[in-house]
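**Q** Just to be clear, the model below is a prediction. Sequence and coordinates:
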Amino acid sequence: MNARERTIAAIQHRTTDVVPYQCDLTGQEAQRMAEYTRGELCYALPGSHLVGYAFPAWEEPVPGKPGFVKDAMGVTWNRTGADRDIGVIDTPVLPDPETMDYDFPPLDKARLRRGVEARMAQRGDRFFYAGIGFSMFERAWTLCSMQEVLIGMLAYPERLNHLLDSICEYDLQVLEVLLEYDPDGIYFGDDWGQQKGLIMGPAHWRQFIKPHMAALYSRAKAAGKCVIQHSCGDIREILPDLIDIGLDVYQTVQPEIYDLKLLKREYGKDLTFWGGISTQHILPNGTPQEVRQVTIDTLRIMAPGGGYIAAPTHAVPHDVPPENLLAMMDVFAHQEKYL
């Protein structure tokens, strides 16, 4: 099996010769690894089985404000702090909660196609996914602040739903372009969880977020694609809902939140899990030997019967020692030795 075939088999809950694995790095960690290994700057480590593209993947520098960028949706991000990969919102573009109308910039389809094609050129024999980061809840709060979105769920639900409808319509335009390239999977990024439970609670998620995600999933499914959902945090309350609307792969399985054995037992027949190696605890704080053992233990729990993509729980941040990252990748790359 090559990397793509192995990943597809795992998603189909078939046992594979090697558990597929993937590891992305933040820009700061990529720089740290390049300096440590005296190698070239890379954002994914060798051997990864998946490669992807997530819109919006381009930004423009803000004139006169070093460290500030404006994304494809008109949102300005401040990257002068500790987080230089994403940053924090500078000023909401919809500061008035009474106004939930937003004139979205026209979708630059030519630039989107160039971005997808550039990533596909790196595909090789790997599983290729394409999708939308900040797909629904996150896109709403980047436009008008998380506080206003959460208040809107109670104080002005119709206006908030109007904004979410507009975001969904825009996302569907993006999807049509992505589907032209026949990716193996469609990815949606949208953080709904916190360390315990959902940010907005399950009732409000079902009222405001679920119908829009169902529409996006439906379009991907109509094209015969598997659906991948990224969400940090604890979303166990809505896993049955996500399965119901067509989710295939759940990414960012945080072991400090989930009992991995229980998660595999309860949902392993319906979902493929992607993640499981903590970027919150073991990778930044453990020793290389501890990282190696946790990685072995995680694969032994999650891999039987397929349905698992071994990976850190997020793109590896800048506080992870290179020795720990290499210990994890050693297990990924030499599973015959450790499992």
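**A** Great, that's in hand. Only a predicted model underlies this, so the values are computations on that prediction, with no experimental measurement involved. Numbering: from 1, shown residues only.
**Q** So which residues of the stretch 201-339 of the chain form strands?
**A** Under the criterion DSSP state E, counting those that start in this stretch, strands of the stretch 201-339 of the chain are mapped to 226-230, 249-253, 272-277, 308-312.
**Q** In a markdown table, list those along with mean neighbour count and distance to Tyr102.
**A** Every C-beta, even on glycine, is put in place using the N, C-alpha and C of the backbone. A markdown table is the format used below for the strands of the stretch 201-339 of the chain (neighbours: other C-beta atoms under 10 Å; distance: least, C-beta to C-beta, whole Å):
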| stretch | mean neighbour count | distance to Tyr102 |
| --- | --- | --- |
| strand 226-230 | 24 | 23 |
| strand 249-253 | 23 | 28 |
| strand 272-277 | 26 | 32 |
| strand 308-312 | 28 | 34 |
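**Q** a markdown table for those strands, including distance to Ala3 and mean pLDDT?
**A** Formatted as a markdown table, the entries for the strands of the stretch 201-339 of the chain read as follows, by distance: least, C-beta to C-beta, whole Å; pLDDT from 0 to 100:
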| stretch | distance to Ala3 | mean pLDDT |
| --- | --- | --- |
| strand 226-230 | 16 | 98 |
| strand 249-253 | 16 | 97 |
| strand 272-277 | 14 | 98 |
| strand 308-312 | 11 | 98 |
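**Q** can you tell me how far Ala30 sits from Asp184?
**A** Here the criterion is C-beta to C-beta, to the nearest Å. By it, Ala30 lies 24 Å from Asp184.
**Q** Please, where are all the helices along the chain?
**A** With helices called from DSSP state H, the chain shows them at 3-11, 27-37, 109-120, 137-144, 146-155, 157-179, 202-204, 210-222, 239-244, 260-267, 282-285, 288-302, 322-333, 335-338.
**Q** For the fifth one, list every residue counted as buried.
**A** Buried residues in helix 146-155, counting neighbours by 16 or more other C-beta atoms under 10 Å, are found at 146, 148-150, 152-153.
**Q** What are the contacting residues of that helix?
**A** 92, 94, 97, 100, 137, 140-141, 159-160, 199-200, 204, 207-208 (C-beta atoms under 8 Å, 6 or more residues apart in numbering).
**Q** repeat for the first one
**A** Outside of helix 3-11, the residues within contact range by C-beta under 8 Å, 6+ apart are 1, 15-20, 48-50, 124-128, 184-185, 226, 248-249, 272, 306-309.
**Q** can you redo the strands of the stretch 201-339 of the chain as JSON lines with distance to Ser166?
**A** Output for these, formatted as JSON lines (distance: least, C-beta to C-beta, whole Å):
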{"stretch": "strand 226-230", "distance to Ser166": "21"}
{"stretch": "strand 249-253", "distance to Ser166": "26"}
{"stretch": "strand 272-277", "distance to Ser166": "30"}
{"stretch": "strand 308-312", "distance to Ser166": "33"}
